[in-house]
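my questions concern the predicted model and sequence given below.
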Amino acid sequence: MITAVFLGYSVGDYYHAAFAHDNGDLFTAWAPTARNPGLGVFLFLHKGAPLNVTIVNVLTYILEAGGNIICPIVMDASTDMETYTQWYQTVSDEFGIITNQEFSTHFGEPEFNEPQFLEYEYLQETENTYRGIFL
């Protein structure tokens, strides 16, 4: 598990969730919503806040990459107060939303609807403020 701040989605061959460690180092991971319906919404609800993120390197077939590659994938995320699993259960119970399509219909798709994160600068002197360039 990694503790980091969710910054948004980076633009590339796919949309990857962009995070920053406390020291300002940026890293990205794929957050496929087919595995975890609503995960993109959960991340955006906590954008700019520290998250505990579980990332697993998975051998994944990517046509554009020419075959199988090892891809870091976000499997779970949580705050100090709430886990993705708890949030998903609450949303499912309250709204009857279960599938990724139902999440997209109800909430939209943050990775497509939000400004896309291209790069960032970590500014220690402004108390952990992140500045990014967005499309």
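Looks like it arrived, so ask away.

who does the residue nearest the centre of the chain form a beta bridge with?
Nearest residue to the geometric centre of the chain (Cα atoms, centre = their mean): A17, 4.0 Å. Beta-bridge partners recorded for A17 (DSSP bridges): Y9, A29.

ok, which stretches of the protein are strands?
Counting by DSSP state E, the segments of the chain that form strands are 2-10, 16-20, 26-30, 50-62, 67-78, 117-123, 129-134.

ok, longest helix in this structure?
helix 84-95 (DSSP state H).

now the angle between strand 67-78 and that one, please.
Interaxial angle, helix 84-95 versus strand 67-78 (axes from the mean of the first three to the mean of the last three Cα atoms, to 10 degrees): 70 degrees.

pLDDT weak spots in this structure?
11-13, 33-34, 109-135 (pLDDT under 70).

at 90 what do you get?
1-2, 7-18, 21-42, 44-45, 47-49, 60-66, 69-71, 73, 91-92, 94-135 (pLDDT under 90).
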